[in-house]
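**Q** fold the following.
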Amino acid sequence: MDIALRRRFDIFDCPPDVDALQKYYESRVNEVGDLLFEGFAALNHDLLMELDRHHLIGHTFFMKDPMTLGALRRIWDFQVGPIIEEYFLDQPDIGAPFTFERFFPVAP
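**A** Okay, here's the model as predicted:
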C-alpha cells in the first residue's frame, strides 16, 4: 500500500470470523444450517495451512439472506471459487481439492 495512504488512515485487521457469521444468522434465514459454519471454518483452515492468513476468505461472502443451498452454490461458483482458483493458478494440483463438495457436502 502506498505509504502516503498509510499515514492518513488507520490500518486494522478484520480476519474471517465464524462467530460473526453465526451471529448474523441468529435473526436471518439459514437453510444450510451448521454446514455453512463448518464449511467456512474448514475452508479457511485449509487455506491457512496451504497459503497464509492473508489469503483467507472473509465471512461477508457468506452473509446472504436467505441462505439456501442454491445461494451458497452461487457464492462458491461466482465469488469464492474464482478467488481460490486464482490463488493456486500456478499450482493446480494443490488447488484441485478446494471444491464446493469438499467443504459443503450435502446428502444426495
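
**Q** and residue 43, how many neighbours?
**A** Residue neighbour count, defined by other Cβ atoms under 10 Å, stands at 22 for residue 43. Using the backbone N, CA and C atoms, a C-beta is placed for each residue, glycine as well.

**Q** any stretches of the chain with poor pLDDT?
**A** Within the chain, the ranges that satisfy pLDDT under 70 run 1, 107-108.

**Q** where along it do the helices fall?
**A** Assigned by DSSP state H, the chain shows helices spanning 3-8, 18-24, 34-50, 69-75, 81-87, 92-95, 100-103.

**Q** who wins for proximity to residue 63 among these?
**A** helix 18-24 (5.3 Å; Cβ to Cβ).

**Q** for the closest one, the distance to its chain's centre please.
**A** Offset of helix 18-24 from its chain centre (Cα atoms, centre = their mean, to the nearest Å): 13 Å.

**Q** what is that helix packed up against?
**A** helix 34-50 (3 or more Cβ pairs under 8 Å, 6 or more residues apart in numbering; DSSP states H and E).

**Q** coming back round to it: and the helices of the chain as CSV, adding distance to residue 59?
**A** What follows is those, written out as CSV (distance: least, Cβ to Cβ, whole Å):
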stretch, distance to residue 59
helix 3-8, 25
helix 18-24, 4
helix 34-50, 7
helix 69-75, 12
helix 81-87, 14
helix 92-95, 22
helix 100-103, 14
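
**Q** can you check which of these gets nearest to residue 60?
**A** Across the helices of the chain, residue 60 has its closest neighbour in helix 18-24 (8.7 Å, Cβ to Cβ).
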